[in-house]
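how would this look folded up:
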Amino acid sequence: MASTSIIIHLEEDLKKKVEELFDDMGLDMTKVFTLFVKAAVREQKIPFEIGDNPFGHESYHERLMRGIAQLNAGQGIIRDLIEVGE
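A predicted model of the protein is given here:
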């Protein structure tokens, strides 16, 4: 299968850090980018969440609210751990 080149611009310091990380994993930029692109095509989305505030993500908020409801009902793993520890 024929391949093509893609140019990616990164800050020099970031490039060095990520190359060291990937090297420690036995990977290089081409392999990592290929993994990313294949996952994106397979899943039909970016294969990870993007954002710097997990508390603003809707699924986190829903899980948090379910957890609070469980605790208020006297259920849940944290409640069990607290009671066992007392």
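
remind me which residues of this protein are low pLDDT?
Low-confidence segments of the chain, defined by pLDDT under 70, span residues 52-58, 76-86.

got the domain boundaries for it?
Under the assignment named as automatic domain parsing, the residue ranges that make up the domains of the chain are 12-43, 54-85.

make TSV from these and add distance to Thr4 and mean neighbour count to it.
For the C-beta atoms, the positions are set from N, CA and C on the backbone; glycine is no exception. Listed next are the domains of the chain as TSV, based on distance: least, Cβ to Cβ, whole Å; neighbours: other Cβ atoms under 10 Å:
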stretch	distance to Thr4	mean neighbour count
domain 12-43	12	12
domain 54-85	35	11
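
now the helices: where do they sit in this protein?
Counting by DSSP state H, the chain forms helices over residues 12-24, 29-43, 58-72, 77-85, given from the N-terminal end onward.

out of these, flag the one nearest Met1.
Distance to Met1, taken as Cβ to Cβ, is lowest for helix 29-43 among these, at 11.8 Å.

give me the contacts around that closest one.
The contact list for helix 29-43 (Cβ atoms under 8 Å, 6 or more residues apart in numbering) reads 6, 8, 18-19, 22, 46-47.

what residues are up against Lys45?
With contact taken as Cβ under 8 Å, 6+ apart, Lys45 is in contact with no other residue.

could I get the domains of the chain as TSV with distance to Ala2?
Written out in TSV, the entries for the domains of the chain read as follows (distance: least, Cβ to Cβ, whole Å):
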stretch	distance to Ala2
domain 12-43	14
domain 54-85	39
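
and the furthest pair within the contacts of helix 29-43?
Distance extremes for the contacts of helix 29-43: the farthest pair is Glu19 and Ile46 at 21.9 Å, using Cβ to Cβ.

any idea how far the spatially most central residue of the chain is from Glu62?
The residue lying closest to the centre of the chain (Cα atoms, centre = their mean) is Phe48, at 4.9 Å. In this structure, Phe48 lies at 19 Å from Glu62, with Cβ to Cβ, to the nearest Å as the measure.
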